[in-house]
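> Would you be able to build a 3D model of this:
(one chain, ligands or ions: 1)
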Amino acid sequence: MVHSIDQYVDVVGAPVVEQLRRLGERLKDIRVVHVNSTREGGGVAEILYWMVPLMNDLGLKASWEVIHGDEGFFGVTKSIHNGLQGYPVQLKKKDWDHYEEINLKNREHLLPVLEEADIVVIHDPQPAALLQMIPNRRGIWIWRAHIDVSRPHHQVWKSLKQYVQDYDASIFSLTSFAQILPHEQFIIAPSIDPLSEKNMPLNKRYVNEIAKAYNLDRSRPLIVQISRFDRFKDPLGVIEAYRITRKVIPIQLVLAGGGATDDPEGKEILDEVYKAAGDDPDIHVLLLPPDAHRQINALQRLADIVIQKSIREGFGLTVTEGLWKGKPVIGGDVGGIRLQVISHYTGYLVNSPEGAAHRIRYLLHHRAKMREMGKTAKEFARENFLLTRQIREYLTLYLYLLKDRGRSVFV
Ligand code: UDP
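Numbering: from 1, shown residues only. So this is what the prediction gives:
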């Protein structure tokens with residue numbers, strides 16, 4: 001389902017849409033290519049799926065390319081990802097050689113579009129080596145990091161830096177993620193699409209059907225975490241928080257997620273989650289297909305509290321999704337969650353399962369406060385984390401970077 005920018009007037013107001021149209025006119029026919037490593041699963045795919053068509057609607061010639069790799073490649077890039085988020089990983093020369101080899105293979109099918117583009121946005125480490133392989137590039141190349149690189153494992157960052165330092169610019173989600181690099185760095189927070197299946201309003205009947213389908217008891221409180229099964233999302237910590245809370249309140253827990261094609265570790269973590277959940281009928285571990293957007297939307301709406309207890313987080317679109325559904329969010333005190341969860345206003349930042357349990361208990365015992373926080377959460381998301389804001393920042397950045405090529409930055 002592709003939207004037109006005009007459909008956003010009802011959500012963000014006409015002036016916001018008008019400003020985007022004017023920015024789009026300035027960038028008419030500019031060729032922008034986004035490259036990442038998966039079409040589905042995870043936040044990057046979620047953003048590109050909705051953003052690229054809107055950029056076209058605004059007059060740009062935007063496209064989205066995906067690199068392909070084998071199991072070994074995604075094993076290496078997952079280790080790079082873990083290393084950048086501070087986990088001590090060992091990558092050998094042969095791993096980096098394989099990383100380059102797969103990038104080189106992808107270069108073949110991407111070459112024409114990458115050589116011709118006015119702007120290339122390379123997302124995350126997986127396709128970062130492509131830049132060195134396109135000597136005749138004419139456009140501006142931007143490296144867009146979505147992960148929490150505030151405290152990277154030194155050796156991994158040092159190696160990856162060899163590939164990203166030659167970019168013309170890079171974008172991080174938070175100032176605390178910025179690195180020492182020889183080019184300009186920009187801070188742009190990610191966003192959600194309020195009209196996507198994941199976030200659009202749903203009718204009550206459908207939400208009730210989902211509750212029934214997953215055996216959820218509407219008379220008891222529900223806590224929901226939606227996430228890939230990844231150690232940084234701390235699903236085991238969520239189960240611990242649930243167990244502590246269960247001693248005093250008969251809550252239910254949903255841990256729902258699927259895999260991403262560029263994330264090979266999911267199975268191992270899922271097994272650990274099944275083991276920790278045991279045969280407790282009130283812990284619902286749901287393995288969802290990649291297109292379960294409406295189901296996720298319904299689960300977030302069914303939740304009394306949305307939780308995202310990550311121990312590292314680039315941004316956490318699931319947090320934004322929870323805020324947008326008018327739910328207080330209990331989130332790990334890390335990375336992009338800190339931008340979104342303002343303790344006592346839109347939810348609570350926590351540092352342990354005990355802390356999460358304490359806040360769950362508090363909210364469930366103070367329903368009026370919970371409703372008030374939910375309202376604040378929704379307006380906070382509208383102000384700061386909707387796709388229209390992110391598109392405005394991207395377009396402004398493109399204009400700025402293209403200024404030396406005869407494009408006026410004034411709109
Ligand atoms: N998501 C999904 N299915 C799943 C798990 C996650 O559609 O099984 C979505 C989730 O709703 C969110 C995105 O994938 O839109 C995850 O983005 P986030 O920034 O929270 O985490 P990432 O996976 O990028 O680390």
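> Which residues are in contact with the closest residue to the ligand within the stretch 51-200 of the chain?
Relative to the ligand, the nearest point of the stretch 51-200 of the chain is Lys198 (5.8 Å; CB to the nearest ligand atom). Every C-beta, even on glycine, is put in place using the N, C-alpha and C of the backbone. Applying CB atoms under 8 Å, 6 or more residues apart in numbering, one finds that Lys198 lies in contact with 46, 192, 293-294, 296-297, 321.
> Go again with 10 Å.
46, 49-50, 192, 226, 292-297, 300, 317-318, 321, 324 (CB atoms under 10 Å, 6 or more residues apart in numbering).
> what are the C-alpha coordinates of stretch 8-16, in PDB please?
Output in PDB follows, covering the C-alpha atoms of stretch 8-16 (Å, rounded to 0.1, in the frame of the first residue of the first chain):
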ATOM      1  CA  TYR A   8      -0.500  12.900   6.000                       C
ATOM      2  CA  VAL A   9      -2.400  16.300   6.300                       C
ATOM      3  CA  ASP A  10      -4.800  14.800   8.800                       C
ATOM      4  CA  VAL A  11      -2.100  13.600  11.100                       C
ATOM      5  CA  VAL A  12       0.500  16.400  11.000                       C
ATOM      6  CA  GLY A  13      -1.300  19.300   9.500                       C
ATOM      7  CA  ALA A  14      -1.200  21.100   6.100                       C
ATOM      8  CA  PRO A  15       1.800  23.400   6.700                       C
ATOM      9  CA  VAL A  16       4.100  20.400   7.300                       C
END
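> ok, residues contacting that stretch?
For stretch 8-16, using CB under 10 Å, 6+ apart, the contacting residues are 5-6, 17-18, 20, 54, 193-195, 199-200, 382-383, 386-389, 391-392.
> Kindly report the same for stretch 358-377.
221, 223, 241-242, 244-245, 247-249, 251, 253, 304-307, 319-320, 322-331, 340-350, 352, 380.
> List only buried entries from those.
Among the contacts of stretch 358-377, the ones that count as buried by 16 or more other CB atoms under 10 Å are 221, 223, 241-242, 244-245, 251, 253, 304-307, 319-320, 322-331, 340-342, 346-350, 380.
> Which ones among those lie within helices?
241-242, 244-245, 319-320, 322-324, 340, 380 (DSSP state H).
> Quick check, the residue in this structure closest to the ligand?
Counting by CB to the nearest ligand atom, the chain gets nearest the ligand through Gly43, at 2.9 Å.
> coming back round to it: identify, from the contacts of Lys198, the entry nearest to Leu114.
Lowest distance from Leu114 to the contacts of Lys198 (CB to CB) belongs to Tyr49, with 20.6 Å.
> The host helix or strand of that closest one - contacts with which helices or strands?
Per DSSP states H and E, Tyr49 falls inside helix 43-57. Here helix 43-57 touches helix 14-26, strand 31-36, strand 61-66, strand 119-123, helix 317-324, helix 387-401, going by 3 or more CB pairs under 10 Å, 6 or more residues apart in numbering; DSSP states H and E.
> export these to CSV and tack on distance to Val149?
Listed next are the helices and strands packed on helix 43-57 as CSV, based on distance: least, CB to CB, whole Å:
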stretch, distance to Val149
helix 14-26, 29
strand 31-36, 16
strand 61-66, 22
strand 119-123, 14
helix 317-324, 18
helix 387-401, 19
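> what residues does the stretch 51-200 of the chain put near the ligand?
Lys198 (CB under 6 Å from any ligand atom).
> just the strands in the stretch 51-200 of the chain please.
Assigned by DSSP state E, counting those that start in this stretch, the strands in the stretch 51-200 of the chain fall at 61-66, 119-123, 140-144, 169-172, 184-187.
> and if you look at the stretch 251-400 of the chain?
For the stretch 251-400 of the chain, the strands defined by DSSP E, counting those that start in this stretch occupy 252-257, 283-287, 305-308, 329-332, 347-350.
> hmm, back to that, highest average neighbour count across the helices and strands packed on helix 43-57?
helix 317-324 (a mean of 28; mean count of other CB atoms under 10 Å).
> So which other helices or strands are in contact with that helix?
Counting by 3+ CB pairs under 10 Å, 6+ apart, helix 317-324 packs on helix 43-57, strand 222-226, helix 293-302, strand 305-308, strand 329-332, helix 337-340, strand 347-350, helix 367-384.
> Save the ones you listed as CSV, and put in mean pLDDT too.
Shown next, in CSV, are these (pLDDT from 0 to 100):
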stretch, mean pLDDT
helix 43-57, 94
strand 222-226, 98
helix 293-302, 98
strand 305-308, 98
strand 329-332, 98
helix 337-340, 98
strand 347-350, 98
helix 367-384, 98
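> Mind checking these for the one nearest to Asp166?
It's helix 43-57; of these, that one is closest to Asp166 (CB to CB) at 21.7 Å.
> List the buried residues for stretch 49-62?
49-55, 57-60, 62.
> returning to what we had before: can I get the helices and strands packed on helix 317-324 in CSV with distance to Arg405?
Supplementary listing: those in CSV, determined by distance: least, CB to CB, whole Å:
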stretch, distance to Arg405
helix 43-57, 18
strand 222-226, 42
helix 293-302, 38
strand 305-308, 41
strand 329-332, 41
helix 337-340, 32
strand 347-350, 43
helix 367-384, 31
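> that older thread, just put the strands of the stretch 251-400 of the chain in JSON lines and tack on distance to the ligand.
JSON lines is the format used below for the strands of the stretch 251-400 of the chain (distance: least, CB to the nearest ligand atom, whole Å):
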{"stretch": "strand 252-257", "distance to the ligand": "4"}
{"stretch": "strand 283-287", "distance to the ligand": "8"}
{"stretch": "strand 305-308", "distance to the ligand": "7"}
{"stretch": "strand 329-332", "distance to the ligand": "10"}
{"stretch": "strand 347-350", "distance to the ligand": "15"}
